[in-house]
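Q: Curious how this folds, go ahead:
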Amino acid sequence: MKKEYWYVLIAYIGMQLSTFVGVPAITFGGILLGQNVEDMAVLAGVIWIVFSFALALLIVLLLLRNEMKSNQLDRNASSVGASVVWGVCGIFLALIAQSLAATVESWLGIEMGSENTQQIISLIESFPIVIIVSSIIGPILEEIVFRKIIFGTFYKRFNFFLSALFSSVIFALAHMEIEHVLLYSAMGFTFAYLYVKTKRILVPIFAHVAMNTFVVLVQSVFKEDLEKIIEQSEKIQSFIGGLFI
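A: I've put the predicted structure just below:
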């Protein structure tokens, strides 16, 4: 593995662990200024999430700047047009894979819904700025770390299936939701396939960003509208059903 990749992994892990230092520090500072402890703890978490993710992305991009320039000359990579098509198709592939995996998990008795996702949605509803992390910065970092580096490293030694499986399990562990390993594996396999197919990390990044944005919008911004649509649909179905009784 290239030394730059090790530095990227260290930066990513450091970002995750920095919460245990950054959040208490900001909270303590707020308390000294007379802020409420509980309110300050939540606000400190949001501030640190945005800051740490943004800083980590900046560091990662700086570490990989030379490689990104050289990749622009890769003749084996898909054309821009083909990459755009695969990126758009990747959104639907990821959503379908996620839906199928969720269905299988429900058959296995695993509780529907990701606790991690619900926590993020809750934060976004109170602090909309968090959507920048969940929908843009987070997916970019995850694709660089889990697909480009971890999957890419495994793929040099193993076949696609094993490489995607190993990287997807690590992906699930990183989200602290091993019970949803099937869900994360479905997405991991989809994004890994897009990366291998196009040889452009920007393609799975685009699909991941778009998918996360869609999920956030559906579960937060348009939640009430969708609930009304579903309610109206149920009423219509009941009315139609009543006509044939």
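Q: wait, residue 22 sits on residue 53?
A: No: counting by Cβ atoms under 8 Å, residue 22 stays clear of residue 53, with 11.4 Å between them. For every residue, glycine as well, the C-beta is placed using N, CA and C.
Q: out of the two, which sits in the busier spot?
A: A side-by-side neighbour count of residue 22 and residue 53, using other Cβ atoms under 10 Å, places residue 53 first with 21 against 18.
Q: Okay, that one and residue 79: tell me how far apart.
A: 32 Å (Cβ to Cβ, to the nearest Å).
Q: ok, now residue 52?
A: Taking Cβ to Cβ, one finds residue 52 at 36 Å from residue 79.
Q: Please apply the same query to residue 35.
A: Relative to residue 79, residue 35 is positioned 54 Å away (Cβ to Cβ).
Q: Helix, strand, or coil at residue 92?
A: helix (DSSP: H, G, I helix; E, B strand; the rest coil).
Q: ok, residue 35 and residue 79, which is more surrounded?
A: For residue 35 versus residue 79, neighbours defined as other Cβ under 10 Å are more numerous around residue 35 (15 against 10).
Q: how many neighbours does the closest residue to residue 189 other than its chain neighbours have?
A: Nearest residue to residue 189, sequence neighbours excluded (Cβ to Cβ, 6 or more residues apart in numbering): residue 164, at 4.7 Å. Neighbours of residue 164 under the rule other Cβ under 10 Å: 25.
Q: what residues are up against residue 164?
A: 151, 185, 188, 189, 192, 193 (Cβ atoms under 8 Å, 6 or more residues apart in numbering).
Q: Now residue 37: closest residue in space that isn't a chain neighbour?
A: residue 31 (6.0 Å).
Q: What residue spans form the domains of the protein?
A: 1-73, 77-243 (the TED database).
Q: Dump those domains into TSV; add mean pLDDT as well.
A: Listed next are the domains of the chain as TSV, based on pLDDT from 0 to 100:
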stretch	mean pLDDT
domain 1-73	84
domain 77-243	81
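Q: Please identify the most buried of these.
A: Ranked by mean neighbour count, the domains of the chain are led by domain 77-243 with a mean of 17 (mean count of other Cβ atoms under 10 Å).
Q: tell me how far that one is from the chain's mean position?
A: Computed by Cα atoms, centre = their mean, to the nearest Å, the chain-centroid distance of domain 77-243 equals 6 Å.
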